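Participant: just coords:
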DNA sequence: GTATCGGGCATTGTATACACGGCGCCGCGC
DNA sequence: GCGCGGCGCCGTGTATACAATGCCCGATAC
């Protein structure tokens, strides 16, 4: 894996690469929730020494992706169904306020940007294959990021979002049905309309619906995961 | 206080000590905002090697207390007046919701606990000497932590609070006048009464006032002292 | 005088070696 | 057979050595 260390596109330090690698494995479920890891094993997997691995692991522990037991071990984070539900409730609070702010402050350029993003999103939306889902998720994050930027407090909103992102992103969005995806897109469209109307209250309620729907999609997909391949 | 989501490492660990030491120096202003630090200097100050210092520094960067420039240096976090104001606005959002939840869920035991804390707080309140201020601040944090615990989502609320704590705690609360302190205490008392009445709306508005007052106290205290250079 | 290029140096980034501490296992005693 | 204490192994915690990187600043050309 490090045998081909892209000479030109050194996409960051080794520690950063390790961070992304481990994070990806945690999110995708390759490391089972609650399971134990060791620094040395990760170092071997990545073909690097323990030092950058330690750095990545500490960072992921701060994100909540891993839990460290001092002088003992590293464990993959695990959240109960109830905790995930709590987290979505918190997200409703946060994003409602942020989106209302955005509706009051947003400019025409940003609305156009959101429209463009949503066009691309829907162009891809028909294909639900795993790797395309990944691209859709990325676009979706970008959409929400632009909304956060329009709230006039982008830096701190990002910090908050980061603090609670991990338990939510783990496995989310990968199991959306076509109907759920369609509803999600409809919410985005309605949100853009609310922005065009500069109507904070409308925007607030749209985003509330959006996240509530996501919450239940997630909880349902946790409950009935049998069929899908990992 | 075990519930405190402090970064990994047991209390005696060198890395943990380094974390607390540097954090304290940043908060107290011993390291001026925006100034540059080096790992080696910090290691010498603490009498340890760079390794645990690096760990502490990374943690503090995640907290927002420090800013790292890759391959170059470590800088103490600095926030503009406007950013601090934004942060307090965000806190109003968050704590309003959390406090309203707490008002709906809180039990008699927790109300008694808050009352006890507030009694202690006011017993100390007359003395505004710097080291006593520190104790008052600790009690104040504990008060708000108990409220968060009553919101039925303590773990994630703590994560959120942690994410935005640093720019606020830096220098805050140290310059409260006697009148401001008295008002703060009055808010706490009123909040307890709102909890007794199980009135979420009342509690929400009390905490809003509380944080708005804190915001302006902080902004004024930033403006007043000799540091007019910035 | 000013802009640009290149070498030196300070500082971070990574690897390796060693120390410390906890957990589990085995043997002993009861 | 069961509980308890010492011992060894495994894994993290810390120190040190070396490599790589980016800024600072002087030299040089225009």
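Facilitator: Sure, I can see it. The structure presented is a predicted model; accordingly, all values stated were derived computationally and were not measured. Numbers count the residues shown, from 1 in each chain, chains lettered A, B, ... in the order given.

Participant: packing partners for the host helix or strand of residue A:116?
Facilitator: Assessed by DSSP states H and E, residue A:116 sits inside helix A:108-125. Counting contacts by 3 or more Cβ pairs under 8 Å, 6 or more residues apart in numbering or on different chains; DSSP states H and E, helix A:108-125 packs against helix A:130-150, helix A:178-196. In this view, the C-beta of every residue, glycine as well, is placed from N, C-alpha and C.

Participant: Once you drop chain neighbours, what's closest to the residue most central in space within chain A?
Facilitator: Closest to where the C-alpha atoms of chain A average out (Cα atoms, centre = their mean) is residue A:169, at 4.2 Å. Of all residues not flanking residue A:169 in the chain, residue A:27 sits nearest, at 5.8 Å (Cβ to Cβ, 6 or more residues apart in numbering or on different chains).

Participant: Wasn't the one you found part of a helix?
Facilitator: Yes. Under DSSP: H, G, I helix; E, B strand; the rest coil, residue A:27 sits within a helix.

Participant: my read: it touches residue A:165, true?
Facilitator: No. Contact status for residue A:27 versus residue A:165: not in contact, 9.9 Å apart, counting by Cβ atoms under 8 Å.

Participant: picking that back up, settle this for me: the residue nearest to the centre of chain A is touching residue A:26, isn't it.
Facilitator: No. Residue A:169 is beyond contact range of residue A:26, at 9.7 Å (criterion: Cβ under 8 Å).

Participant: Roughly how far does the residue lying farthest from the centre of chain A sit from DNA strand D?
Facilitator: Taking Cα atoms, centre = their mean, the residue of chain A most remote from its mean C-alpha position is residue A:71, at 30.7 Å. Plainly put, residue A:71 is 5 Å away from DNA strand D if you go by Cβ to the nearest atom of the strand, to the nearest Å.

Participant: What strand or helix carries that residue?
Facilitator: Going by DSSP H and E, residue A:71 is not in any helix or strand.

Participant: Do you know the pLDDT at it?
Facilitator: Turning to residue A:71, the model gives it a pLDDT of 91.

Participant: any idea how far residue B:21 is from it?
Facilitator: 21 Å (Cβ to Cβ, to the nearest Å).

Participant: now swap in residue A:21 and tell me
Facilitator: 32 Å.

Participant: Do I have it right that residue A:160 meets residue B:163?
Facilitator: Yes. With contact defined as Cβ under 8 Å, residue A:160 counts as touching residue B:163 (5.5 Å).

Participant: ok, those two, which is more surrounded?
Facilitator: Set residue A:160 next to residue B:163 and count neighbours by other Cβ atoms under 10 Å in any protein chain shown: residue A:160 wins out with 24 against 21.

Participant: which residues touch the more buried one?
Facilitator: A:94, B:90, B:160, B:163-164 (Cβ atoms under 8 Å, 6 or more residues apart in numbering or on different chains).

Participant: what do you get if the cut-off is 7 Å, keeping everything else the same?
Facilitator: A:94, B:160, B:163-164 (Cβ atoms under 7 Å, 6 or more residues apart in numbering or on different chains).

Participant: can I see the domain layout of chain A?
Facilitator: Per automatic domain parsing, the structural domains of chain A span A:14-76, A:81-223.

Participant: for residue A:43, helix, strand, or coil?
Facilitator: At residue A:43 the chain is in helix, as set by three-state DSSP.

Participant: Return the residues in contact with it.
Facilitator: Contacts of residue A:43 (Cβ under 7 Å, 6+ apart): A:49-50, A:53.

Participant: hmm, 10 Å instead?
Facilitator: Taking Cβ atoms under 10 Å, 6 or more residues apart in numbering or on different chains as the contact definition, residue A:43 lies against A:18, A:49-54.

Participant: Got a ChimeraX select line for the buried ones in those?
Facilitator: A single ChimeraX command is used to select the members of these judged buried by 16 or more other Cβ atoms under 10 Å in any protein chain shown:
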select /A:18,52,53,54
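
Participant: Dump the contacts of residue A:43 to JSON lines, plus distance to residue B:177.
Facilitator: Shown next, in JSON lines, are the contacts of residue A:43 (distance: Cβ to Cβ, whole Å):
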{"residue": "A:18", "distance to residue B:177": "49"}
{"residue": "A:49", "distance to residue B:177": "54"}
{"residue": "A:50", "distance to residue B:177": "52"}
{"residue": "A:51", "distance to residue B:177": "49"}
{"residue": "A:52", "distance to residue B:177": "49"}
{"residue": "A:53", "distance to residue B:177": "50"}
{"residue": "A:54", "distance to residue B:177": "46"}
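
Participant: Show me which of the contacts of residue A:43 is closest to residue A:147.
Facilitator: residue A:18 (30.9 Å; Cβ to Cβ).

Participant: doesn't residue A:48 make contact with that closest one?
Facilitator: Yes. With contact defined as Cβ atoms under 10 Å, residue A:18 reaches residue A:48; the gap is 6.7 Å.

Participant: Overlap in contacts, these two.
Facilitator: Counting by Cβ under 10 Å, 6+ apart, the residues touching both residue A:18 and residue A:48 are A:42, A:56.

Participant: The residue farthest from the centre of chain A against residue B:13, yeah?
Facilitator: Yes. With contact defined as Cβ under 10 Å, residue A:71 reaches residue B:13; the gap is 8.5 Å.

Participant: So which residues on chain A come close to DNA strand C?
Facilitator: A:13-15, A:48-52, A:55, A:71-72 (Cβ under 7 Å from any atom of the strand).

Participant: if we go to 6 Å?
Facilitator: Taking Cβ under 6 Å from any atom of the strand as the contact definition, chain A meets DNA strand C at A:13-15, A:48-52, A:71-72.

Participant: Throw those residues into CSV and include secondary structure, thanks.
Facilitator: Shown next, in CSV, are the residues of chain A next to DNA strand C (three-state DSSP):
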residue, secondary structure
A:13, coil
A:14, helix
A:15, helix
A:48, coil
A:49, coil
A:50, helix
A:51, helix
A:52, helix
A:71, coil
A:72, coil
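
Participant: Same list (the residues you listed) but as JSON lines, adding distance to chain B.
Facilitator: Output for these, formatted as JSON lines (distance: Cβ to the nearest Cβ, whole Å):
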{"residue": "A:13", "distance to chain B": "7"}
{"residue": "A:14", "distance to chain B": "12"}
{"residue": "A:15", "distance to chain B": "9"}
{"residue": "A:48", "distance to chain B": "16"}
{"residue": "A:49", "distance to chain B": "12"}
{"residue": "A:50", "distance to chain B": "11"}
{"residue": "A:51", "distance to chain B": "8"}
{"residue": "A:52", "distance to chain B": "11"}
{"residue": "A:71", "distance to chain B": "7"}
{"residue": "A:72", "distance to chain B": "10"}
